[in-house]
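> sequence and predicted structure are below.
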Amino acid sequence: MNGPSTPAPTGRTRGYDLARAFAIIGMVFINFPIYLTSAADSAGSLLAWLSGIHYGRAAALFVTLAGAGVAMMARGAERGAVRRTLLLRAGFLFVAGHLLIQVWRIDILHFYAVYLALAALLFVGLPRRALLLAIALVMAVTVAVVIVAPELEAGGVAYYRLGEELTALERLAGLLQNVLFSGIHPVFPWIAFLLAGLWIGSHDIRDAGTRRRLLATGAALALGAPLVSMACEYLVMAGVLPQGLLAYLGVRHSPSPFYVLGAIGTSMAMIAACQAAAMHWGESVIVRAMIHAGQLAFTIYVVHAIFGAVIPVSLGLSLSLPAVLAYSAVFCLAVVTLAHLYRRHFRRGPVELLMRAVSGNSPPKVAAPDLRRLAAPRARWVPAAVAGLVLVVAAQVAGVPPRFGCEATPPLAAGRVQSALTLSCPRETFAVAVADRSDLVLETHSGRDLYLELYRGDELIGQNDDGGVGLNARLVATVDPGDYRLVVRPYATAVGPYALSRSDAAPTVAELQPGEMCTDSCPSSHDQECDDGGPGSLYAVCELGTDCADCGIRTEGDIAFVLDDNGMLCSDTCGSSHDSECDDGGPESLYAICALGTDCSDCGPREPNFTPMPEGE
């Protein structure tokens with residue numbers, strides 16, 4: 001419920017600065033593990049869950065605060081001057097971000113620049129209700145793109161890499177695809193966070209009733225989104241809702257409306273809480289130091305990227321998860337302390353000074369600005385929020401319904417079973433009995449990043465990460481009769497329901513002739529699409545001869561089809577090509593998510609290693 005408009009108070013609203021400091025600290029604790037540790041080392045652990053609980057939330061808070069900053073700048077200022085200043089700042093950040101992305105692939109500054117430019121051109125001065133409608137429209141467009149044109153969310157070309165041989169048109173197309181749809185923080189849906197910030201910034205958060213209303217609304221969104229999402233997932237698993245809905249139920253850094261609403265709620269509650277803390281304890285040394293760090297947010301962001309992660313990685317630093325979290329804590333303590341000392345002598349940080357040199361100071365006020373106050377919520381929102389929090393945590397710890405006996409090894413027959421990963425049972429093992437030699441197809445169905453491992457005794461005979469739909473795993477293996485163990489675990493941390501399917505098929509070819517290649521180890525085997533890159537294939541995501549069920553038998557004569565003029569494997573058909581990380585599983589690769597030689601831009605040419613049936617066998 002809206003209250004009356006009131007004149008805007010003068011001076012900085014320090015709650016925004018404090019929230020900005022927490023956003024930067026949150027990004028440090030997310031980004032350092034990405035660069036400095038292996039997710040597999042602590043997959044499914046309580047520490048991995050705790051360290052990633054704010055994944056996608058810290059950056060969303062950073063963007064929401066950008067919207068609030070734009071709203072504060074625009075209050076009572078001449079509209080043209082505001083647009084001019086925003087466009088100049090956007091230009092500065094766009095250039096700075098593209099310099100940084102050469103070494104820091106998860107840069108947010110160039111996206112931030114696009115958000116500011118769009119705010120200048122489209123959103124400054126919009127009424128509050130129009131901002132809320134715009135958020136709904138952004139979410140609708142995002143879902144529509146996922147449904148109608150999913151290829152737009154694929155990686156695209158690395159338009160920003162200076163050494164890449166691309167035409168101007170290819171770079172422009174790559175730029176538009178990256179910033180609008182396929183990048184780390186694309187406009188769709190991330191501009192929704194800036195719009196939410198514009199809406200929050202149009203309210204007087206120094207008013208206690210407004211803060212409580214924002215805190216209650218934020219808590220409802222932050223807790224309600226995962227609860228509704230989880231309920232929908234269980235309905236999908238039970239067959240009540242369609243399987244395709246899983247792509248739109250994620251709550252961790254995804255194009256899902258549940259993620260957007262949940263992250264907006266977290267940002268809203270965090271801003272209200274930070275403003276309350278700044279007003280009550282603003283003169284304490286700790287809060288003042290954090291506020292000063294928030295005022296130097298751009299400088300600290302660049303420092304954390306280059307000196308905190310890129311340089312240590314280039315020096316070969318690799319840490320366990322506990323060690324990298326301790327390193328993150330020491331880094332944050334150091335930068336907050338240094339920011340506090342720096343602000344005693346200087347008003348702005350180096351990056352902030354450069355940006356002001358380009359754009360000038362904020363436009364002067366030419367009219368008396370006003371802010372909207374919100375009516376305080378009823379007191380019962382607090383127990384409701386506590387109950388919601390208990391439900392979310394209980395579902396993550398024990399599942400719905402609760403399960404505590406995760407030592408059992410249930411049999412996995414052909415068909416489909418439903419289960420869940422929880423903090424108390426972060427991985428699940430199934431017994432797989434095989435009566436006849438067959439091609440075994442195992443696949444997870446969920447909205448999470450899951451991993452499959454197939455063992456015979458203690459020997460790992462097959463594994464897969466993202467071979468299924470989205471981030472699901474799909475493992476195909478030709479197995480002999482016997483008893484096997486299948487382990488389902490998260491890639492890093494994932495809790496919630498999932499379904500697991502098994503199908504058995506007779507091996508495509510019982511006996512090979514000399515010079516022939518035929519296995520079904522390709523994760524997308526048995527999907528009626530040829531994916532091995534040979535003659536007649538639709539895709540080249542697997543090695544030649546490993547998708548025999550869909551491509552047929554390959555011979556030595558087919559090898560030349562996939563080699564370059566130098567007799568090497570060198571293509572960029574890998575979905576994560578052009579991302580500055582080698583993903584083809586060969587020597588010195590970071591990941592093994594693509595076929596050997598299909599990530600040539602990042603790995604270089606590869607020696608072919610085909611193993612056709614030799615003569616005499």
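Thanks, I have the structure now. Since the structure is predicted, the reported quantities are computational estimates derived from the model, not experimental observations.
> now stretch 217-230: mean pLDDT?
Taken as a whole, stretch 217-230 has an average pLDDT of 95.
> one more: stretch 346-365?
Stretch 346-365 comes out at a mean pLDDT of 95.
> alpha carbons of it, as CSV, please.
Taking C-alpha atoms only, stretch 346-365 is exported to CSV below (Å, rounded to 0.1, in the frame of the first residue of the first chain):
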residue,chain,number,x,y,z
PHE,A,346,40.4,10.7,-0.8
ARG,A,347,36.7,11.0,-1.7
ARG,A,348,36.7,8.5,-4.6
GLY,A,349,38.6,5.5,-5.7
PRO,A,350,40.8,5.4,-8.8
VAL,A,351,38.2,3.7,-11.1
GLU,A,352,35.5,6.0,-9.8
LEU,A,353,37.8,9.1,-10.4
LEU,A,354,38.4,8.0,-14.0
MET,A,355,34.7,7.5,-14.6
ARG,A,356,33.9,11.0,-13.2
ALA,A,357,36.6,12.5,-15.4
VAL,A,358,34.8,11.1,-18.4
SER,A,359,31.2,11.7,-17.3
GLY,A,360,31.4,14.6,-14.9
ASN,A,361,29.6,14.8,-11.6
SER,A,362,25.9,13.9,-11.2
PRO,A,363,23.6,16.5,-12.6
PRO,A,364,22.4,19.3,-10.2
LYS,A,365,18.9,19.2,-8.9
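> buried sites along that stretch?
Across stretch 346-365, burial judged by 16 or more other Cβ atoms under 10 Å covers R348, G349, V351, E352, M355, R356, S359, S362, P363. All C-beta atoms are positioned from the backbone trio N, CA, C, and that covers glycine.
> with adjacent residues omitted, what lies nearest to the last one?
The shortest distance from P363 to any non-neighbouring residue, by Cβ to Cβ, 6 or more residues apart in numbering, is to A81 (3.7 Å).
> burial count for that neighbour?
Neighbour count of A81, defined by other Cβ atoms under 10 Å: 16.
> quick one: it from V114, how far?
According to Cβ to Cβ, to the nearest Å, A81 stands 21 Å off from V114.
> packing partners of the helix or strand where L442 lies?
Per DSSP states H and E, L442 falls inside strand 438-445. Counting contacts by 3 or more Cβ pairs under 8 Å, 6 or more residues apart in numbering; DSSP states H and E, strand 438-445 packs against strand 428-434, strand 450-456, strand 474-479, strand 496-505.
> at 10 Å instead, please
strand 415-421, strand 428-434, strand 450-456, strand 459-464, strand 474-479, strand 482-490, strand 496-505, helix 548-551 (3 or more Cβ pairs under 10 Å, 6 or more residues apart in numbering; DSSP states H and E).
> in that strand, which residues are buried?
By 16+ other Cβ under 10 Å, the buried positions in strand 438-445 come out as S438, D439, L440, V441, L442, E443, T444, H445.
> looking at it now, give me its mean pLDDT.
93.
> quick check: V124 touching V82?
Yes: between V124 and V82 there is a contact under Cβ atoms under 10 Å: 5.7 Å.
> which residues do those two both contact?
Common neighbours of V124 and V82, using Cβ atoms under 10 Å, 6 or more residues apart in numbering, are V70, M73, A74.
> make CSV out of those residues and add secondary structure, pLDDT and neighbour count.
As requested, these are arranged in CSV below (DSSP: H, G, I helix; E, B strand; the rest coil; pLDDT from 0 to 100; neighbours: other Cβ atoms under 10 Å):
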residue, secondary structure, pLDDT, neighbour count
V70, helix, 97, 24
M73, helix, 94, 20
A74, helix, 94, 26
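> quickly note the distance from the residue sitting nearest the centre point of the chain to L109.
Centroid check for the chain by Cα atoms, centre = their mean gives H253 as the closest residue, at 4.1 Å. H253 sits 18 Å away from L109, taking Cβ to Cβ as the criterion.
> leaving out sequence neighbours, find the closest residue to L198.
Nearest one to L198, counting by Cβ to Cβ, 6+ apart, is G67 at 4.3 Å.
> tell me the SS of the closest residue to G388 other than its chain neighbours?
Distances taken as Cβ to Cβ, 6+ apart place L223 nearest to G388, at 3.7 Å, with adjacent residues excluded. When classified by DSSP: H, G, I helix; E, B strand; the rest coil, L223 comes out as helix.
> touching, L223 and F258? I think so.
No: using Cβ under 10 Å, L223 is not in contact with F258, being 11.7 Å away.
> how about L341, what does it touch?
Taking Cβ under 10 Å, 6+ apart as the criterion, L341 is in contact with A289, H292.
> wait, a helix at it?
Yes: according to three-state DSSP, L341 belongs to a helix.
> on that earlier part again, give the contact list for the residue nearest to L198.
Taking Cβ under 10 Å, 6+ apart, we find G67 in contact with 115-116, 119, 123, 131, 191-202, 267.
> swap in V488?
Contacts of V488 by Cβ under 10 Å, 6+ apart are 412, 419, 421, 427-430, 442, 444, 446, 450-453, 473, 498, 500.
> beta partners for it?
With DSSP bridges as the criterion, V488 is bridged to E428, L452.
> and it, how close does it get to V476?
16 Å.
> same deal with R448?
To V476, R448 is 21 Å away according to Cβ to Cβ.
> what about these two, which has more around it?
Using other Cβ under 10 Å as the criterion, R448 and V476 rank with V476 on top: 28 against 22.
> skip the chain neighbours and tell me the closest residue to the more buried one.
Nearest one to V476, counting by Cβ to Cβ, 6+ apart, is S525 at 4.4 Å.
> go on, W199?
With Cβ to Cβ, 6+ apart as the criterion, W199 has its nearest non-adjacent residue at 4.5 Å, and that residue is L131.
> so where does the residue nearest to L198 fall, helix or strand?
Element membership for G67, per DSSP H and E: helix 57-74.
> tell me how far that helix lies from the chain's centre.
19 Å (Cα atoms, centre = their mean, to the nearest Å).
> and if you look at stretch 254-268?
Put simply, stretch 254-268 sits 12 Å off its chain's centre (Cα atoms, centre = their mean).
> same check, this time on stretch 506-523
So, by Cα atoms, centre = their mean, the centroid of stretch 506-523 is 37 Å from its chain's centroid.
> can you give me the end-to-end span of it?
Length of stretch 506-523, first residue to last, Cα to Cα, to the nearest Å: 17 Å.
> list the buried residues for it?
Buried positions in stretch 506-523, judged by neighbour count with 16+ other Cβ under 10 Å: P507, T508, V509, L512, E516, M517, C518, T519, D520, S521, C522, P523.
> which of those fall in strands?
When the buried residues of stretch 506-523 are checked against strands (DSSP state E), the matches are E516, M517.
> where's the dip in pLDDT among the buried residues of stretch 506-523?
V509 (69).
> quick one, what contacts the spatially closest residue to R356 that is not a sequence neighbour?
Leaving aside its chain neighbours, R356 sits nearest to R348 (6.5 Å; criterion: Cβ to Cβ, 6+ apart). Listed by Cβ under 10 Å, 6+ apart, the contact set of R348 reads Q295, L296, F298, T299, Y342, L354, M355, R356.
> change it to 8 Å
Q295, L296, R356 (Cβ atoms under 8 Å, 6 or more residues apart in numbering).
> before we move on, what about R213?
Each residue near R213 by Cβ under 8 Å, 6+ apart is listed here: L374, A375, A376, P377.
> chain neighbours aside, what residue packs nearest to the last one?
Ranked by Cβ to Cβ, 6+ apart and with sequence neighbours excluded, the top spatial neighbour of P377 is A216, at 4.2 Å.
> okay then, goodbye and thanks.
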